[in-house]
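[1] Give me the fold of what follows.
(4 chains)
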Protein chains: 2
Amino acid sequence: MSQQRNGSTSGSNGSGPNGRAAVVGVSLNGDAGVELKAGVSESFFPDLPEATVARLPEYLRALHHLADTGHDTVSSEGLANAAGVNSAKLRKDLSHLGSYGTRGVGYDISPLIGQIEYILGLTSRRAVALVGVGNLGHALAGYAGFTSRGFRIAALFDADPSRVGERINGLVVKHINEIAVIVKAESISIAVLATPASAAQSVADQLINAGVTSILNFAPCVLSVPDRVDVRKVDLAIELQILSFHEHRKSARINGGLRG
Amino acid sequence: MSQQRNGSTSGSNGSGPNGRAAVVGVSLNGDAGVELKAGVSESFFPDLPEATVARLPEYLRALHHLADTGHDTVSSEGLANAAGVNSAKLRKDLSHLGSYGTRGVGYDISPLIGQIEYILGLTSRRAVALVGVGNLGHALAGYAGFTSRGFRIAALFDADPSRVGERINGLVVKHINEIAVIVKAESISIAVLATPASAAQSVADQLINAGVTSILNFAPCVLSVPDRVDVRKVDLAIELQILSFHEHRKSARINGGLRG
DNA sequence: TTCTGTGAAACGTTTCACAGCT
DNA sequence: AGCTGTGAAACGTTTCACAGAA
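    Predicted structure coming up:
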């Protein structure tokens, strides 16, 4: 959701005060049709359900894995298993992208990878700024998955002068008062926020002023942002608390003796 | 949403092969009623929608913040803003917990905190195992939010002998072949998986054999687990890819000139 | 009057079941 | 015969709008 998305989440909008909104996943309005054939890399933008969008990256990962292990075709059942969903859902999702399957056979992996990467905007490597190189931010700065899955960390920022100047993975940490200049210079539109909660809103405001329109927020707080800005939230303690609920429910079942 | 859903994500189950399922968020079946009054800390288990469960931690965080800043009552509008949702949703969610509001006034913060913590199973600090103290795992081991929001990291594991024995935050890293013994000895039911994807399934199997029934998975792969085990997935690259989709859509809007 | 609690409507998502292409 | 693509049904979630308690 989620969305928080977690989701899944993934979620919906709640209007905040004075025209700002705390947003996790935004509704889709475009309704241009899908007219793309395999191999063609320009198309109008299909109108995808948000739940589908949230699953495309998992399909993409599964498809890359299949391609790497020598497959070039896969059935809806096979891809669904690899992605952890059921096959009806997978077929419905992929049907929104246009027709990449052959009845009686399955899906052609390579053009399907191309189409999903196109839809997700991964045809060129996107520049990402990371703000907050403390405990967690430091680890994120070194996370190989960013690099291998379509992104490039283009700038690191921190408010702490003692951390400014530090070199991480070949990048020098800049002070947050350089956000405006660097974000504009590098045309960065996505930022990862790994600051303490107390600093997050102020940093988000600076990022948005500088032109950032998508934020991945690791700080445990709600951000208030304009409608045009997308925010997704990742909160480790929230994830554990949801699991804790399920643990509690399981033991209530056993102790209460009811309903299995 | 969930999962996964996040998913986020929150989400639903997809049956896997031979009775195993890749699970992100599990449906609720109990239907015991809510009979709890403020201050009483035993109750039957209410039948909460999964979407509500996923939001309770955010309400809890907001409530703690309000309590810390001297409030003892809050309106649905006020709490909803603090939690980033709309007030109708908040009221519906809280109505599932029983009646903690007073019409014309608002909600009593302190008993509401107590009830949410009870429902989430946070009345005693839960022991958590963390497997994989590489780049990300190391940061998670030091994350203060675990400690401050109801959890206690009770054990650290890694497969790499050169990391075994390292001391992090007062805990010594153990080898993963000690999982069975330590998880049982410490009655650990929740584990955080921060291993490479290639090791994740095998480690998950060991954890589950040892008695773990909830897993927070940071590895970019689908885990196959028995139905009784809950899995939530956090994948940083997936979150960025979802944001990338929205970036792509925004620029398609502008370039295509259609629909605002 | 104010603000919660809640039926009912609206909406989005998932699942079913099968038509139809290969 | 096999497997995709898809209407239609089922389900879950959100929003509306207001009854009714304080």
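[2] in the stretch 51-200 of chain A, which segments are predicted with low confidence?
    Judged against pLDDT under 70, the stretch 51-200 of chain A has no low-scoring part.
[3] Around DNA strand D, pick out the residues from it.
    Residues of the stretch 51-200 of chain A lying close to DNA strand D (Cβ under 7 Å from any atom of the strand) are A:75-77, A:87-88, A:91-92, A:94-95, A:99-107. Yep, even glycine has a C-beta here, placed from its N, CA and C like the rest.
[4] Go again with 6 Å.
    Residues of the stretch 51-200 of chain A found near DNA strand D (Cβ under 6 Å from any atom of the strand) are A:75-77, A:88, A:91-92, A:94-95, A:99-101, A:103-107.
[5] count of residues packed around A:A80?
    A count of nearby residues for A:A80, using other Cβ atoms under 10 Å in any protein chain shown, gives 23.
[6] That one contacts A:L94, doesn't it?
    No - between A:A80 and A:L94 there is no contact under Cβ atoms under 8 Å: 10.0 Å.
[7] Now stretch A:219-235: average pLDDT?
    For stretch A:219-235, the mean pLDDT works out to 98.
[8] Say whether DNA strand D is contacted by it.
    No - if you take Cβ under 6 Å from any atom of the strand as the test, stretch A:219-235 misses DNA strand D, and the best it gets is 13.4 Å.
[9] gap between the two ends of that stretch?
    The first and final residues of stretch A:219-235 sit 7 Å from each other (Cα to Cα, to the nearest Å).
[10] Could you point out the helix or strand that follows the host helix or strand of A:L207?
    Using DSSP states H and E, A:L207 maps to helix A:197-210. Note on helix A:197-210: by DSSP H and E, the next helix or strand toward the C-terminus is strand A:214-217.
[11] Only alpha carbons, please: show that following strand as PDB.
    Provided in PDB are the C-alpha atoms of strand A:214-217 (Å, rounded to 0.1, in the frame of the first residue of the first chain):
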ATOM      1  CA  SER A 214       8.800  12.700  -5.000                       C
ATOM      2  CA  ILE A 215       9.900  11.800  -1.500                       C
ATOM      3  CA  LEU A 216      10.700   8.500   0.200                       C
ATOM      4  CA  ASN A 217      10.300   9.300   3.800                       C
END
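[12] what's that strand in contact with?
    A:189-193, A:200, A:204, A:207-208, A:223, A:225, A:229-234, B:236, B:239-240, B:243-244, B:246-247 (Cβ atoms under 8 Å, 6 or more residues apart in numbering or on different chains).
[13] ok now it, how far from the chain's centre?
    Taking the mean of its C-alpha atoms, strand A:214-217 sits 9 Å from the chain's own mean (Cα atoms, centre = their mean, to the nearest Å).
[14] residues in chain A within reach of DNA strand C, list them.
    Within chain A, the positions near DNA strand C by Cβ under 6 Å from any atom of the strand are A:S27, A:P49, A:E50, A:A51, A:N86, A:A88, A:K89, A:K92, A:T102, A:R103, A:G104.
[15] and the first one, what pLDDT?
    I take that to be A:S27. 29.
[16] and if you look at the third one?
    A:E50 is assigned a predicted lDDT (pLDDT) of 98.
[17] ok, now how distant is it from chain B?
    Separation of A:E50 from chain B (Cβ to the nearest Cβ, to the nearest Å) stands at 9 Å.
[18] Quick one: the strands in chain A, in order.
    Taking DSSP state E, the strands of chain A run over residues A:14-15, A:20-22, A:73-74, A:101-102, A:106-108, A:126-131, A:151-158, A:167-168, A:171-175, A:190-193, A:214-217, A:225-226, A:230-233.
[19] Kindly reformat those strands as a markdown table containing distance to A:G137 and mean neighbour count.
    Shown next, in a markdown table, are these (distance: least, Cβ to Cβ, whole Å; neighbours: other Cβ atoms under 10 Å in any protein chain shown):
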| stretch | distance to A:G137 | mean neighbour count |
| --- | --- | --- |
| strand A:14-15 | 27 | 18 |
| strand A:20-22 | 22 | 19 |
| strand A:73-74 | 37 | 18 |
| strand A:101-102 | 42 | 14 |
| strand A:106-108 | 38 | 19 |
| strand A:126-131 | 6 | 24 |
| strand A:151-158 | 8 | 22 |
| strand A:167-168 | 9 | 12 |
| strand A:171-175 | 9 | 16 |
| strand A:190-193 | 8 | 27 |
| strand A:214-217 | 12 | 26 |
| strand A:225-226 | 20 | 18 |
| strand A:230-233 | 16 | 28 |
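[20] For those strands, give me CSV that also has distance to B:V183.
    CSV is the format used below for these (distance: least, Cβ to Cβ, whole Å):
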stretch, distance to B:V183
strand A:14-15, 39
strand A:20-22, 38
strand A:73-74, 36
strand A:101-102, 43
strand A:106-108, 40
strand A:126-131, 34
strand A:151-158, 35
strand A:167-168, 34
strand A:171-175, 38
strand A:190-193, 33
strand A:214-217, 32
strand A:225-226, 41
strand A:230-233, 30
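[21] What are the boundaries of the helices in chain A?
    Listed in chain order, the helices of chain A (DSSP state H) span A:50-68, A:76-83, A:87-95, A:109-119, A:135-141, A:144-148, A:179-185, A:197-210, A:236-256.
[22] Now do the domain split for chain A, please.
    The record's domain parsing of chain A by automatic domain parsing lists A:31-123, A:124-260.
[23] May I see those domains organised as a markdown table, with distance to B:P111 added?
    Formatted as a markdown table, the domains of chain A follow (distance: least, Cβ to Cβ, whole Å):
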| stretch | distance to B:P111 |
| --- | --- |
| domain A:31-123 | 36 |
| domain A:124-260 | 18 |
